[in-house]
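Enquirer: Just to be clear, the model below is a prediction. Sequence and coordinates:
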Amino acid sequence: MSAENVLKAEGHAAMTADLSAPPVLTVNDLKMHFPVKSPGLFRRTVGHVKAVDGVSFQVPTNGSLGLVGESGCGKSTTGRLITRLYEPTGGQIEFEGHDIAKLSQRQMLPLRRDIQMIFQDPATSLNPRHTVGSIIGAPLQIHNVLPKNKVLGRVQELLEIVGLNPEHYNRYPHEFSGGQRQRIGIARALTLQPKLLVADEPVSALDVSIQAQVINLLQDLQTEFGIAFLFIAHDLAVVRHFCPEIAVMYLGKIVEIGDRESIYGHAHHPYTQALLSAVPDVKQATLGGRRERIRLTGDVPSPINPPSGCRFRTRCPIAKEICAKVEPPLLQIGPRHKVACHFPGEMGKAPETPVTSRLLGVDNHGTPDPGASPVELPTGPSFSNTWFDLGNRTIHTA
Amino acid sequence: MAISPTETEQRSEVGVVIAGETTAAKSPMRLAVDRFRHDKLSMASFVVVALLVIGAILAPILVKLGVLDYSTLHQDLIDNTNGGLPTGAHGGISASHPLGVVPGTGWDVLSRVWLGVSFSLAICLCATVVSVVIGAVLGIMSGYSRGALDWVIGRLVDLTLSFPQTLMLLALSAPIIAFFNSSLHLHGNLANAVYIIVVLGLFGWPSVARLVRGQVLSIREREFIDAARSIGASNSRIYFREILPNVWAPLLVQTTLLLPSYVSAEAALSFLGVGVQAPLPTLGNVLADATTWILGDPLYFWIPAVMIVVIVVSLNLLGDGLRDALDPKSGR
């Protein structure tokens, strides 16, 4: 039974988002290039790992954005950039109107109350030498928000909120099971009543049955406290249930971003289609038929030296000449749907000629065309009211 | 609010019955204590060290009470015609002097060795604390920061280790002790003791720093460090509240292994004439005095020598036992 079926069985409806509200977080052209140092005495910088290379998205207030992709695509790095565990190489992270990308750790301190993080592995995210009470109470102590004698009360309240016994504040993490430890991690993230929670694969390390409980807890917390989520995961079923909007990352870039219906029903990027075809489908299995599966061959290319043009072209089943020459822009193709591909189309319906050539001022093979006039495309993290209509290849205004 | 069903399982309360015996889940500390208690050699060394420590604490009290007397000359018990050797058999053993008297002065050997253990252990413990504190702080900073600070501390370690310390210790003792006398108003044997503590302490930290750095390099990659940073914890909070509790086990082991090496170092330095001077006894200066009488009164030599061996061996075995108990993955 997949996590999503468990969730449905427990009667938790899929989350929806209120799109009229202004976004709580706007990330624009975010970059994180880790330097690669040569060995030896002088340790010169010989290259950069482009873990995140120009990522833009928005997280709506009280909503949640799912960030999916395979290991090493930069989704965790993105989460850690937003909580400012890393110093971004470039770009803006706008949280409630302030750009926090360039703030020093000292300037960041008051904002940390509003942006908290849930970590992947509950076995290592809790200090084994601290009691649960001191782990959950630590944020209160650091930010000095409560007098010392009130901390215990708040800790017990939080333990109750996440469904643990409030009398267990004096125990150590090793006395709890994996799911309970993740609840402790969630309680710690909730301590300061944050506005944005970055959940870095919060259920990947848990059993499927426990996953559902933790997801339900997160969902309850979101409705109860109005917290916005950036939900990082590699499990598309979990993300589908939790996130009204999903961004798919590949090698440090967003290849497709859109609402649930666009991504799961009408994926236009071959990478998204490959990811979706890899999700096991119980219904299909009971019918006995075999669904066509896209097998990606080879490994993710090195982010130190990514392929030219489109980064996915080395593993893409429909790549053509233009893909090696020109990088496809993240093109808006629907009211809430963007895709970065020269040949976007639903599975098996990819166009024969690149849809982007005229927009970019190149011919169908990717060589610059002096006669063409490139079109100014709406860019940026938000969705605009005009988009490129794939059917008749014109700009369409809503 | 709606609270989803909790896992009712509480691991610490659930006992697993294996062959009629209940084994509840135990904390790592509890397991370490159990492992230590099952090792006979560790327990034996623990008992010996405990006795030594109790004895060391009692010695100054017994001196105050007049039971031990390390400085009264007994000219009547030594034979000045025989070069100053004690008059009785086996170095002058008698009911009032169970281990004999010191040739030349007639001091009570038992009192001097007992109090010597006390002074030696106190001096070496202070030096160990200096080394461990410096080593732990620099090791944590080095391992956590990496980068430039790590490089500077690493070179400082190399410099300290490559320093010809015994030579410098001897050469610098006179000016530094003079400095203690004039500037810090430390006089006599206090200045000597402080000199030993400072010098042993300042030369001993690199091994601690290297050990701690290695531990911290792995700890800093664990997610609870990121969690602390995302909460907004300061560096000092991360050093001392998050990392330090996770390195105390290797630190404890290192402390018990550093202490005996300082006991022998103190003996060696006293032998060379640096350190606490008679009439105050340390194991080192008692032994140094005894070597001049080794042919005429060998028992006087063997008593402090055996004491040093007992202290060094028992502390080393205790350290090994602690390491095996706290880190079961490291075999002997």
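Expert: The structure has been received and is ready for your questions. Quick caveat: nothing in here was measured; it's all calculated off a predicted structure.
Enquirer: Regarding the chain, what is its longest helix?
Expert: Went with chain A since none was named. Longest helix in chain A, counting residues (DSSP state H): helix A:208-225.
Enquirer: wrong one, I was asking about chain B
Expert: Chain B, longest helix under DSSP H: helix B:109-145.
Enquirer: Check which residues of that one are buried.
Expert: Neighbour counts over helix B:109-145 (16 or more other CB atoms under 10 Å in any protein chain shown) mark B:109-128, B:130-132, B:134-145 as buried. Placement of C-beta: from N, CA and C, glycine included.
Enquirer: Just give me the residue right at the centre of chain B.
Expert: Centroid check for chain B by CA atoms, centre = their mean gives residue B:259 as the closest residue, at 2.3 Å.
Enquirer: quick one: contacts for residue A:396?
Expert: A:386-389 (CB atoms under 8 Å, 6 or more residues apart in numbering or on different chains).
Enquirer: Check which helix or strand residue A:42 maps to.
Expert: Secondary structure from DSSP states H and E places residue A:42 outside every helix and strand.
Enquirer: er, residue B:266 I mean
Expert: Here residue B:266 sits within helix B:244-271, counting by DSSP H and E.
Enquirer: Run through the neighbouring helices and strands of that helix.
Expert: helix B:109-145, helix B:188-219, helix B:283-291, helix B:298-326 (3 or more CB pairs under 8 Å, 6 or more residues apart in numbering or on different chains; DSSP states H and E).
Enquirer: quick one, that helix and helix B:298-326 angle?
Expert: If you take axes from the mean of the first three to the mean of the last three CA atoms, to 10 degrees, helix B:244-271 sits at 170 degrees to helix B:298-326.
Enquirer: ranges for the helices of the stretch 1-150 of chain A?
Expert: A:3-9, A:75-82, A:105-108, A:132-143, A:148-161 (DSSP state H, counting those that start in this stretch).
Enquirer: Tell me which of those is the most buried.
Expert: helix A:75-82 (a mean of 25; mean count of other CB atoms under 10 Å in any protein chain shown).
Enquirer: Only the C-alpha atoms, please, for that helix, written as PDB.
Expert: Output in PDB follows, covering the C-alpha atoms of helix A:75-82 (Å, rounded to 0.1, in the frame of the first residue of the first chain):
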ATOM      1  CA  LYS A  75      16.700  20.100  -3.700                       C
ATOM      2  CA  SER A  76      18.100  19.700  -0.200                       C
ATOM      3  CA  THR A  77      20.700  22.500  -0.900                       C
ATOM      4  CA  THR A  78      17.800  24.700  -1.900                       C
ATOM      5  CA  GLY A  79      16.100  24.000   1.400                       C
ATOM      6  CA  ARG A  80      19.300  24.800   3.300                       C
ATOM      7  CA  LEU A  81      19.800  28.000   1.400                       C
ATOM      8  CA  ILE A  82      16.400  29.200   2.400                       C
END
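Enquirer: who touches it?
Expert: With CB under 8 Å, 6+ apart as the criterion, helix A:75-82 contacts A:25, A:27, A:30, A:32, A:51-52, A:55, A:67-69, A:86, A:88, A:93, A:95, A:101, A:115, A:117, A:120, A:196, A:198, A:200-201, A:230, A:232, A:249, B:226.
Enquirer: thinking again about what came up before, next SSE downstream of the longest helix of chain A?
Expert: Counting by DSSP H and E, the next helix or strand C-terminal to helix A:208-225 is strand A:228-233.
Enquirer: Alright, calling it a day.
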